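Peer 1: 3D, please:
(chains A and B)
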Amino acid sequence: MTAARRALLLRAAAALALALAGCNLGAPLRRDAAATREQIEEARAAGAERCAPQDLAAAEVDLDAGLALLERGEGERAAAHLAEARRGAALALERSRSCTPLRVIILDQPAAPEPAPAPAGVVIEQTDLDRDGVPDLEDRCPEAPGDLEHHGCPRDDPRGGR
Amino acid sequence: MRPLPTALALAVALALSSGCGPLRSSEAIDAAAREIAEARAAGAAGTAPYPLAAAEASLRLAREEEGRARYGSAAELAGRAREQAAAARRQAEGSREEPAP
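Peer 2: As a prediction, this is how the structure comes out:
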């Protein structure tokens, strides 16, 4: 093998090694980007558009930029943007999880409902037909006035006896 | 004598084409920045925070690309920032026009 041919082979091997190294750098970055995309979607589902809009937007923009740079072969810049995207997505997710739910205040409330009618039942009214102060229920002589001592009967009425 | 005019024409074409790139991206970046300012003035920070933040992030990236002389990419990102800012402004104006309770 001549020296020129050996040099050519060495250059080809070096070029191949560089290309493989590039592929090896790209593959983990792409996996990283896919994981970040999932985290962004999770954050969005948790309300990040409302709870952490800046973190979410920055993560999305950095992720797209990182992937575009990777396509262009700018691995170092791509890695930096993807790292930023990962950081933003994590922050967005964290802030969304601790974000209080949206409060809804209803200003125009419908009129208060009518109070429910009292349940039907038995009404017991105390009566005192002879108006002697002894209720009819306890009055042995409800038709004739008497005193409490004689159970509501006149003194001479045998019904008032003990 | 023949190659000289050809080389000159190529040089002029190259100078013109490379000169238009920065101009185009600068215009796009300025337009996006104006649109973002209008969206902010319309109250987008309170009523449309997400599209406004997306517009600002895209504009930041557009400026970064312009700084690296990636004028095409910068112009594209600035265009996206402008669209996002316009969406934020429309959303803010829409919520402002809603009848007060």
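Peer 1: for the chain, just list every one of the helices.
Peer 2: Looking at chain A here, since you left the chain open. Here chain A has its helices, by DSSP state H, at A:3-45, A:48-51, A:53-71, A:75-97.
Peer 1: hm, I was asking about chain B
Peer 2: Applying DSSP H to chain B gives helices spanning B:3-41, B:44-47, B:49-67, B:71-97.
Peer 1: what does chain B have sitting close to chain A?
Peer 2: Contact residues (C-beta under 8 Å from any C-beta of the partner chain) of chain B with chain A: B:49-50, B:52-54, B:56-58, B:60-61, B:73, B:101. (Each C-beta comes from the backbone N, C-alpha and C, glycine too.)
Peer 1: still on that earlier bit, deepest-packed of the helices of chain A, please.
Peer 2: The highest mean neighbour count among these, using mean count of other C-beta atoms under 10 Å in any protein chain shown, belongs to helix A:53-71: a mean of 23.
Peer 1: now what about it, what contacts it?
Peer 2: Defining contact as C-beta atoms under 8 Å, 6 or more residues apart in numbering or on different chains, one finds that helix A:53-71 is touched by A:26, A:29-30, A:33, A:36-37, A:40, A:43-44, A:48-49, A:75, A:77-82, A:84-89, A:91-92, A:95, B:49-50, B:52-54, B:56-58, B:60-61, B:73.
Peer 1: got the contact list for B:Ile29?
Peer 2: When contacts are counted by C-beta under 8 Å, 6+ apart, B:Ile29 touches B:59, B:62-63, B:66, B:74, B:78.
Peer 1: which residue would you name as the spatial centre of chain B?
Peer 2: Of all residues in chain B, the one closest to the mean position by C-alpha atoms, centre = their mean is B:Ala78, 2.3 Å from it.
Peer 1: isn't A:Gly47 up against A:Cys99?
Peer 2: Yes: counting by C-beta atoms under 8 Å, A:Gly47 touches A:Cys99, with 5.9 Å between them.
Peer 1: okay, those two: which has more neighbours?
Peer 2: A:Gly47 (18 against 14; other C-beta atoms under 10 Å in any protein chain shown).
Peer 1: distance of that one from A:Glu143?
Peer 2: 80 Å (C-beta to C-beta, to the nearest Å).
Peer 1: which stretches of chain B have low pLDDT?
Peer 2: Within chain B, the stretches with pLDDT under 70 are B:1-4, B:7-21, B:98-101.
Peer 1: about what we covered before: and the helices of chain A: which comes nearest B:Arg34?
Peer 2: Smallest distance to B:Arg34 across the helices of chain A (C-beta to C-beta): 19.3 Å, for helix A:53-71.
Peer 1: so what pLDDT did the residue nearest to A:Cys153 when sequence neighbours are not counted get?
Peer 2: Spatial nearest neighbour of A:Cys153, excluding adjacent residues (C-beta to C-beta, 6 or more residues apart in numbering or on different chains): A:Gly160 at 3.0 Å. The score at A:Gly160 is 83. That number is its pLDDT.
Peer 1: and the furthest pair within the residues of chain B next to chain A?
Peer 2: The largest separation in those, counting by C-beta to C-beta, is between B:Ser73 and B:Pro101 at 46.0 Å.
Peer 1: ok, these two, which is more surrounded?
Peer 2: B:Ser73 (20 against 7).
Peer 1: the more buried one: what's it in contact with?
Peer 2: A:68, B:62, B:65.
Peer 1: what's the burial count for A:Arg140?
Peer 2: 17.
Peer 1: whoops, A:Glu143 was the one
Peer 2: 10.
Peer 1: shouldn't it be in contact with A:Asp130?
Peer 2: Yes: A:Glu143 is within contact range of A:Asp130, at 6.0 Å (criterion: C-beta under 8 Å).
Peer 1: with distance to A:Leu137 added, can I get the helices of chain B in CSV?
Peer 2: Shown next, in CSV, are the helices of chain B (distance: least, C-beta to C-beta, whole Å):
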stretch, distance to A:Leu137
helix B:3-41, 83
helix B:44-47, 73
helix B:49-67, 75
helix B:71-97, 71
